[in-house]
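J.: Generate a structure from the sequence data that follows.
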Amino acid sequence: MDALVWFLGAAFFLVAILVSIGLHELGHMIPAKRFGGKVTQYFIGFGPTVWSRQVGETEYGVKAIPLGGYVKIVGMLPPAAADLADEVTYDADGNPVTRVRKSNTGMFTQLISDARAAEWELVGADDADRLFYKMPWWKKVVVMGGGPTVNILIAFVCYLLVFSLYGNPGEVEADEGRPVVDQVSDCVIPYREQRTVCEPGDRPSPASEAGLQRGDVITAFNGTDVESWGQLRGLIRDNADGDAVITYLRDGQERTGRTSTTVELRPESETDETLVEVGFLGVVPTTHRVTGGPLYTLGQMGHMTVDVAQALTQLPVKVWGVAKAIVGVEERAEDSPVSIVGGSRLAGEVAAHDEIDVPEKVVFFATLVAGFNFFIGMFNFLPLLPLDGGHIASALFEAARRGWARLRRRPDPGYVDAAKLLPVAYVVALAMIAMGGVLIIGDIVVPVKLGF
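T.: Numbering: from 1, shown residues only. Okay, here's the model as predicted:
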């Protein structure tokens, strides 16, 4: 049964990501067609075709390797006059409609020429006004930005549902009013040791010495009325290793406990991990998950944007760490990136775990799908070909260059020739394939563990 549940959880995540990929490609295809562009293919996956169907001028299908998708928009690369054959067919406006590449020299020059030739094999005599490179710059931005925007919208919807219906799993706060004790530490565990089990020789916690129990309501600390957890925490931290008289309610009866807080190295604040000496009591208040609507979700995703941007700058180093883990040089880091294979494994492990409640499993799946979509969206906005962000950057550069020429009353410089950046695109594509391969192998050989 556990194996079946594991498989269903993994399959659910994989299907969710494939649906996200399909929606991403729709984010490109729909505006491209609305703007009059010609889209000849819409596929999910790469490699051999598993299934396809021709509908109008577009072929829709699924390929064997479910690691992405694509739409073929005709006319992404403009023609280059130097690359045209001796015999060229022109349309009524004088634009080249068909051409055949004869020969060229230089590896990159030949690659660019071959790419142009392959691009123009799909251009028909009636397609002159439907070519992508002829679209106004803002239409190009909408078409290429539509895909990653869809991924970010999927992430927003997933996070919104979780934050509004369940609460933010990563952000909890004490209940308003007087602090209610939820947990009492049995001993004092040094902060740096990062363990939860007491060991012989550990000192009993001041809270346990004072006789505090779960459910007690703390009303005063050293004679100061306590009205919130934040106030109590400040009193404890400032008390250092001084005496502590704690007044609390248990079953409606007022009681008093006496102890001495101890000095511990603790983070200076919730946002600053600098360790300082503070007073320590050893109680955890009753908390609740923070909930919020659209504005709260946008705020949280704003913080996530910074985190993802930092993760993107560290991605090659993180992947290199996974490669070293594969060959046994070091352990795989818990925060290392994972592929779709790794995400499916994590989803399967959570689905099959008996001690996790169903609502928490649903929340995990939703946040996992949201996290993947948010990362995919941000990654595709990078201004590098062949990513969507590379085409967006090209369109914005075209707009700036033409605008500057008009301002200076100079001749129109024409369309930006993205084909000249194909060598960069090939290098980026190879790097992406290499990193993706390392992560997939790592997720099979040394998978990330959830720690349960």
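J.: CA only for contacts and neighbour counts going forward, please
T.: OK.
J.: which is the next helix or strand following the helix or strand hosting K324?
T.: Under the criterion of DSSP states H and E, K324 resides in helix 294-326. Downstream of helix 294-326, the first helix or strand assigned by DSSP H and E is helix 340-352.
J.: buried stuff in the helix holding K324?
T.: 296-297, 300-301, 308, 311-312, 315, 318-319, 321-326 (16 or more other C-alpha atoms under 10 Å).
J.: between those, which is nearest P386?
T.: L312 (16.4 Å; C-alpha to C-alpha).
J.: Let's see the pLDDT reported for the residue nearest to the closest one when sequence neighbours are not counted.
T.: Spatially, and ignoring its direct neighbours in sequence, L312 is nearest to F379 (7.3 Å; C-alpha to C-alpha, 6 or more residues apart in numbering). F379 is assigned 95 on the pLDDT scale.
J.: give me the number of residues near F379?
T.: Residues contacting F379 under the criterion other C-alpha atoms under 10 Å number 18.
J.: Same check on W6?
T.: So W6, with other C-alpha under 10 Å, has 21 neighbours.
J.: For it, grab phi and psi.
T.: phi -60, psi -50 (degrees, to the nearest 10).
J.: Check the gap between it and S344 for me.
T.: Remark: distance between W6 and S344 (C-alpha to C-alpha, to the nearest Å) = 9 Å.
J.: same thing with R130?
T.: For R130 relative to S344 (C-alpha to C-alpha), the value is 40 Å.
J.: quick one: which of those two has more around it?
T.: S344 (25 against 20).
J.: list the contacts for that one?
T.: 9-11, 13-14 (C-alpha atoms under 8 Å, 6 or more residues apart in numbering).
J.: one more time with 10 Å
T.: 6-15, 17, 338, 365, 368, 443 (C-alpha atoms under 10 Å, 6 or more residues apart in numbering).
J.: Then L407?
T.: Applying C-alpha under 10 Å, 6+ apart, the residues contacting L407 are R401.
J.: and if you look at the one 5 residues further on?
T.: Contact partners of D412, counting by C-alpha under 10 Å, 6+ apart, are 401-406.
J.: Which secondary structure state does it sit in?
T.: coil (DSSP: H, G, I helix; E, B strand; the rest coil).
J.: cool, R289 as well?
T.: strand.
J.: Who is it paired with across the strands?
T.: V172 (DSSP bridges).
J.: and it, how many neighbours?
T.: 16.
J.: Which helix or which strand is home to the most centrally placed residue in the chain?
T.: Nearest to the mean C-alpha position of the chain, by C-alpha atoms, centre = their mean, lies F375 at 2.4 Å. Here F375, judged by DSSP H and E, is contained in helix 358-380.
J.: That helix packs against which elements?
T.: Contacts defined by 3 or more C-alpha pairs under 10 Å, 6 or more residues apart in numbering; DSSP states H and E place helix 358-380 against helix 2-34, helix 137-165, strand 168-174, helix 294-326, helix 340-352, helix 388-407.
J.: tilt between the fourth one and helix 137-165?
T.: It stands for helix 294-326. Helix 294-326 runs at 100 degrees relative to helix 137-165, counting by axes from the mean of the first three to the mean of the last three C-alpha atoms, to 10 degrees.
J.: avg pLDDT for helix 294-326?
T.: Rounded mean pLDDT across helix 294-326 is 94.
J.: Also compute the angle for that helix relative to strand 168-174, please.
T.: 120 degrees.
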